[in-house]
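Enquirer: turn this into a model:
(one chain, ligands or ions: 1)
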Amino acid sequence: MANNQGAAMSQFPSAKALIPFVSVENMMRLVHHVGVETMLVELTDAIEADFRRWDVFDKTPRIASHSRDGVIELMPTSDGEIYGFKYVNGHPKNMAAGFQTVTAFGLLAQVSTGYPVLLTEMTLLTALRTAATSAMAARHLAPKKVRVMAMIGNGAQAEFQALAMKAVVGIEEVRLYDIDPQATAKAAANLADSGLIVTACGTAHEAIRGAGIITTCTADKQFATILTDNMVGAGVHINAIGGDCPGKTELHKDILARADTFVEYPPQTRVEGEIQQMDPDYPVTELWRVVRGEAEGRRDQRQITLFDSVGFAVEDFSALRYVREKLKGTDFYQEIDIIADPDDPRDLFGMLRRAKV
Ligand SMILES: NC(=O)c1ccc[n+]([C@@H]2O[C@H](COP(=O)([O-])OP(=O)(O)OC[C@H]3O[C@@H](n4cnc5c(N)ncnc54)[C@H](O)[C@@H]3O)[C@@H](O)[C@H]2O)c1
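Expert: Residues are numbered from 1 along each chain as shown. Predicted coordinates for the structure are as follows:
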């Protein structure tokens, strides 16, 4: 009798088996429900709050699997209560074949039980969190009252970067440049009703004219020189996003020699960031120390600051926790049974056996 009841119950996962899953469609609903710029501001604050408690996190350089075509990476961390990881790829050649360069999904789990508590798409969320991290860095490092940003590389991340710098830092104009004019036209159209002045430029030189922030966000599998030394004047803040793999950089190393460089997690950035071009003792400042007021950010208006962004697991963790909070009281998720949950925790085989039809 008990076994028969078990047979009937085994067809229906219990609450323990179910975890919230955020599809791409639901992520888009959530972003529009909150509002893109509001979400970028809130994510910036969420990431900054976690950078302030940097010491509590388990930290490790991400685990990268490189191939000729790109990289697949796992990015784990934990604050002792919640564990999170992101799966993300980077394949610069994908775009020509109709695939995206970067896609991602991620998971949060309860450390006390090891049970997952959230599974979500993270392609959109990565673009949002990358832009929010850039904005967080810029609000500590960019020149005061900066109004103009150059955006070099107008692909998937570009509009998010521009909107975060508008919402968090207060830029009023974005000057777009991409080697592919269609990418620039796409970004200009997407930003047309953003409230930003949008200027499409024919060269990188033209784009950086008058810009207090220069964002480089291009995708190439090999060393590229998006900015040369003579292009970078005193006082600018460089937000270098696209150099994020061994052998994949965007800046000429002479720029690094003149800049004060800020990074997320040195053991990862020294391998993946712009600073891979420099000696191992090239000085860097960890961003969390600036956020906590333990290290100086921008000292003066002539200093060149560089955020050598590669993307670190704590930023994804912050974004995942933010999404988990925002889901409360909404229907922007489905429940999926991803954990096998036998009535008797030791009777996993019995659960399988009873499900046989
Ligand atoms: N630092 C981070 O946290 C982080 C997060 C996400 C993505 N990324 C990186 O950012 C880069 C951009 O990502 P995406 O998703 O926007 O890629 P994407 O492929 O959608 O766009 C890249 C754009 O760069 C342009 N481009 C290539 N070479 C150029 C050049 N020499 N000058 C000007 N434009 C050039 C391409 O035409 C394309 O439009 C990638 O390298 C990706 O790995 C970094």
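
Enquirer: any idea of the pLDDT on the residue in the stretch 201-350 of the chain that the ligand sits nearest to?
Expert: Here the stretch 201-350 of the chain gets closest to the ligand at one residue, residue 311, 2.6 Å apart by CB to the nearest ligand atom. Every C-beta, even on glycine, is put in place using the N, C-alpha and C of the backbone. Residue 311 carries a pLDDT score of 98 in this model.

Enquirer: repeat for residue 351
Expert: The score at residue 351 is 93. That number is its pLDDT.

Enquirer: could you do the one 4 residues further on as well?
Expert: According to the predicted model, the pLDDT of residue 355 comes to 91.

Enquirer: residues in contact with the residue of the stretch 51-200 of the chain found nearest the ligand?
Expert: Nearest to the ligand, among the residues of the stretch 51-200 of the chain, is residue 155, at 1.7 Å (CB to the nearest ligand atom). By CB atoms under 8 Å, 6 or more residues apart in numbering, the residues touching residue 155 are 95, 101, 178, 183, 217, 218, 219.

Enquirer: and if you look at residue 158?
Expert: Contacts for residue 158 were tallied using CB under 8 Å, 6+ apart; they are 151, 176, 183, 187, 217.

Enquirer: then residue 17?
Expert: Residue 17 is in contact with 337, 338, 339, 340, 341, counting by CB under 8 Å, 6+ apart.

Enquirer: can you turn the buried part of these into a ChimeraX selection?
Expert: Those of those that count as buried under 16 or more other CB atoms under 10 Å are selected in ChimeraX with:
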select :341
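
Enquirer: give me the subset of the contacts of residue 17 touching the ligand.
Expert: Among the contacts of residue 17, no residue lies close to the ligand (CB under 6 Å from any ligand atom).

Enquirer: residue boundaries of the helices in the stretch 1-150 of the chain?
Expert: Secondary structure of the stretch 1-150 of the chain by DSSP state H, counting those that start in this stretch: the helices cover 2-10, 24-34, 36-52, 123-141.

Enquirer: picking that back up, for my notes, confirm the residue of the stretch 201-350 of the chain closest to the ligand occurs in a helix.
Expert: No: counting by DSSP: H, G, I helix; E, B strand; the rest coil, residue 311 falls outside a helix, being coil.

Enquirer: thinking again about what came up before, adding distance to residue 333, mean pLDDT and mean neighbour count, write the helices of the stretch 1-150 of the chain out as a markdown table.
Expert: Shown next, in a markdown table, are the helices of the stretch 1-150 of the chain (distance: least, CB to CB, whole Å; pLDDT from 0 to 100; neighbours: other CB atoms under 10 Å):
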| stretch | distance to residue 333 | mean pLDDT | mean neighbour count |
| --- | --- | --- | --- |
| helix 2-10 | 24 | 43 | 12 |
| helix 24-34 | 6 | 98 | 16 |
| helix 36-52 | 16 | 98 | 20 |
| helix 123-141 | 13 | 98 | 25 |
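
Enquirer: take the ones you listed and write them to CSV, including distance to residue 226.
Expert: Formatted as CSV, the helices of the stretch 1-150 of the chain follow (distance: least, CB to CB, whole Å):
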stretch, distance to residue 226
helix 2-10, 57
helix 24-34, 29
helix 36-52, 24
helix 123-141, 16
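
Enquirer: any chance of the ones you listed in CSV, plus distance to the ligand?
Expert: As requested, the helices of the stretch 1-150 of the chain are exported to CSV (distance: least, CB to the nearest ligand atom, whole Å):
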stretch, distance to the ligand
helix 2-10, 42
helix 24-34, 15
helix 36-52, 11
helix 123-141, 4
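
Enquirer: identify the farthest-apart pair in the contacts of residue 17.
Expert: Across the contacts of residue 17, no pair lies farther apart than 338 and 341, at 10.0 Å, counting by CB to CB.

Enquirer: about what we covered before: need the buried ones from the contacts of residue 155 selected in PyMOL.
Expert: To isolate the buried ones among those in PyMOL, judged by 16+ other CB under 10 Å, type:
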select buried, resi 101+178+183+217+218+219
